[in-house]
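Engineer: here you go, sequence then predicted model.
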Amino acid sequence: MILFTLGLLCGLLTMWLLDSAKRRQIKLLIEDKQRLRQEKQIVVEFMHNMVEAVSTGKDRQAMFQRIIHAAILSTNGMTACFFEKQPNNSLTGVAVEGLFPPQRKLLPKDTAGNGTRAQYLEKILKSETFQMGEGLIGQVARTRRAVFIADATKDPRVIQHEDPSLRIHSIIVAPILFQDELIAVLAVANPSDGLAFSQNDFSLMESLAEQVGLAVHNCDAMQTQIEKNMLDLDIELASSIQGLLLPTTYPYCEKVSFATHYTPAQKIGGDLYDIFSLDDHTVGVAIADVSGKGISGSILMAICQTHLRHFSKESRSPSDVLCSINRAMEATMRRDMFITIVYAIFDLETEEVNLARAGHEPPFYYKASDNGDHEVQPILSKGMAVGMVPPEIFDVTIQDTQIKFTKGDALVLYTDGVTESVNERGEEYSSSKMLDVVRAHGHEKADILLKEILNSVNQFCGDQGQPDDLTLITIKHA
């Protein structure tokens, strides 16, 4: 009976011990589950902060500040600092929260001076620069591996200061990477409960650092896209303005018709054409090409057109007008930029054309003949490009050239984007091919002649694209 009772008691004791072990195991599982839920919540909140940081990424400094604030909330740290990698591979503190201790020994002369203690320490941190491998921050940057120091008071890598409020008790330093490229180093110190960071805190910080890397990269990518969109918008606006400067309607002339074509190689071009009335019986026609392309070229062309319209009112001599433009633009043009231009004045009463050529491609003159023996020749008047030489040289070089422009005649003005268009073999279209088209179709109306020239160029070039601005004017006497 005694043995039976002892056996029963042993059995009950064993069951109680097993139940106790199960209870402890269940308790640990519940605690682990709660900790995982808490860490999940921390990650979710951190990602929420990162999304907000990216969405407000216009201010990069504000984004860094949000990052370290989110890191402090997530790890229960009291202070943190964000060290960004600079173009020269050094690291500089760009954001700090709390009294993050300087990572170099403070000199006796270092005093807070004006401002709060936090502002003073922030100023010191933002003036510090660390090279790769220098100090704890530089070590993490060089190795690209996070460092967890539970008891920082015994680790020689941690800089300690005499001021108790600047002592580091526990610290986690993690590299911020994106696709194995170092972006920054994030340091969090001194848990608010006075204890050391745990291994779980360290694992969580490594995970958060990965999210920071993605957030910073996305912010940079978004900012780059915003800047690109703004630039594209500026270019579109400049292109629209440039389009407004080019005439789409021409002065009515009973016997003379005009046709034009302009295609920039980029969204904004460096070519110009203009057709405008001078009085009841004279019309000014100009075509120009600036050596620089893009926005700078378009601005220069707008200035040139303004001067052209202004000086054309003061003189009926094309060469005098171009001399005035050269003098007006000499001081504003860069040494590496110049403008080639042809300016012609059509007198509808005398049926004459007076033109001057400042280094531009020579116009083609189609002279009709009653016997069908039509002649085509370039007009080779002398002149140098605007902005290339000072007035004392430009003025004595350029000259006016007069031609008769009567029934059946045609005049073709163009930029070198036409004749220098290339095919798949690298061969240029050339002025000779263009001359052949003018000879074959010079008897056509202005718009037909222009289409024939463009068709010839397109057939020659195929799918090679357009390396330069292409501008063409055809003028026909009915």
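Structural biologist: Noted; the coordinates are in hand.

Engineer: partner strands of the biggest strand by length in the chain, with direction?
Structural biologist: Longest strand in the chain by number of residues, with DSSP state E as the criterion: strand 181-191. Strands that pair with strand 181-191, judged by DSSP bridges, come out as strand 77-85 (antiparallel), strand 171-178 (antiparallel).

Engineer: how near is the residue lying closest to L136 once chain neighbours are set aside to C81?
Structural biologist: In this structure, L136 finds its nearest non-sequential neighbour in R157, 4.9 Å apart by C-beta to C-beta, 6 or more residues apart in numbering. No exception for glycine: its C-beta is placed from N, CA and C like everyone else's. As for R157, its distance to C81 is 16 Å (criterion: C-beta to C-beta, to the nearest Å).

Engineer: what about the helices in the stretch 251-400 of the chain?
Structural biologist: With helices called from DSSP state H, counting those that start in this stretch, the stretch 251-400 of the chain shows them at 294-311, 318-329, 391-397.

Engineer: quick check: buried residues in the longest one?
Structural biologist: Buried residues in helix 294-311, counting neighbours by 16 or more other C-beta atoms under 10 Å, are found at 294-295, 297-301, 303-305, 307-308, 311.

Engineer: swap in the shortest one?
Structural biologist: Of the residues in helix 391-397, those with enough neighbours to count as buried (16+ other C-beta under 10 Å) are F394, D395.

Engineer: and the direction of the following helix or strand past it versus that of helix 318-329, what angle?
Structural biologist: Next helix or strand after helix 391-397 toward the C-terminus (DSSP states H and E): strand 400-404. Strand 400-404 runs at 140 degrees relative to helix 318-329, counting by axes from the mean of the first three to the mean of the last three C-alpha atoms, to 10 degrees.

Engineer: other SSEs contacting strand 400-404?
Structural biologist: Counting contacts by 3 or more C-beta pairs under 8 Å, 6 or more residues apart in numbering; DSSP states H and E, strand 400-404 packs against strand 352-358.

Engineer: same for the strand it packs on, what does it pack against?
Structural biologist: helix 318-329, strand 339-347, strand 400-404.

Engineer: hmm, back to that, which ones are touching the residue nearest to L136?
Structural biologist: Neighbour list for R157: G135, L136, Q139, V147, I149 [criterion: C-beta atoms under 8 Å, 6 or more residues apart in numbering].

Engineer: which among those gets closest to G387?
Structural biologist: Of all the contacts of R157, G387 sits closest to G135, with 56.3 Å by C-beta to C-beta.

Engineer: now that closest one: closest residue in space that isn't a chain neighbour?
Structural biologist: Using C-beta to C-beta, 6+ apart, the closest residue to G135 is Q103 (5.5 Å).

Engineer: equivalent analysis for V94, please.
Structural biologist: In space, V94 is closest to E84, 4.6 Å off (C-beta to C-beta, 6+ apart).

Engineer: for that neighbour, what are its contacts?
Structural biologist: F64, L91, T92, V94, I183, A184.

Engineer: re the thing from before, tell me the secondary structure at the residue nearest to L136.
Structural biologist: coil (DSSP: H, G, I helix; E, B strand; the rest coil).

Engineer: ditto for R142
Structural biologist: Of the three states, R142 takes helix according to three-state DSSP.

Engineer: next, the contact list for it, please.
Structural biologist: Listed by C-beta under 8 Å, 6+ apart, the contact partners of R142 are M132, G133.

Engineer: also D271?
Structural biologist: D271 touches Y262, P264, I287, A288, D289, V290, M301, T415, G417, D469, L470, T471, counting by C-beta under 8 Å, 6+ apart.

Engineer: my guess is the fifth one contacts D416, does it?
Structural biologist: Yes - under the criterion of C-beta atoms under 8 Å, D289 lies in contact with D416, with a separation of 6.5 Å.

Engineer: which of the two has more residues huddled nearby?
Structural biologist: Ranked by neighbour count (other C-beta atoms under 10 Å), D289 and D416 place D289 first, with 27 against 18.

Engineer: strands of the stretch 1-150 of the chain, start to end?
Structural biologist: Using DSSP state E, counting those that start in this stretch, the strands found in the stretch 1-150 of the chain span residues 77-85, 91-97, 129-130, 147-149.

Engineer: dump those strands into CSV; add distance to T249 and mean pLDDT as well.
Structural biologist: Output for these, formatted as CSV (distance: least, C-beta to C-beta, whole Å; pLDDT from 0 to 100):
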stretch, distance to T249, mean pLDDT
strand 77-85, 57, 91
strand 91-97, 57, 88
strand 129-130, 63, 87
strand 147-149, 73, 93
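
Engineer: any chance of those in TSV, with distance to P391 too?
Structural biologist: Shown next, in TSV, are the strands of the stretch 1-150 of the chain (distance: least, C-beta to C-beta, whole Å):
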stretch	distance to P391
strand 77-85	54
strand 91-97	53
strand 129-130	54
strand 147-149	71
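
Engineer: state the pLDDT value of the residue nearest to the spatial centre of the chain.
Structural biologist: Geometric centre of the chain, nearest residue: K228, 4.8 Å, by C-alpha atoms, centre = their mean. Looking at K228, its pLDDT reads 71.

Engineer: Throw the contacts of R157 into JSON lines and include distance to S257 and neighbour count, thanks.
Structural biologist: Formatted as JSON lines, the contacts of R157 follow (distance: C-beta to C-beta, whole Å; neighbours: other C-beta atoms under 10 Å):
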{"residue": "G135", "distance to S257": "79", "neighbour count": "17"}
{"residue": "L136", "distance to S257": "80", "neighbour count": "21"}
{"residue": "Q139", "distance to S257": "79", "neighbour count": "17"}
{"residue": "V147", "distance to S257": "81", "neighbour count": "20"}
{"residue": "I149", "distance to S257": "86", "neighbour count": "21"}
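
Engineer: out of those residues, who's nearest I124?
Structural biologist: G135 (14.1 Å).

Engineer: hmm, the closest one is touching I159, no?
Structural biologist: Yes - using C-beta under 8 Å, G135 is in contact with I159, at 7.3 Å.
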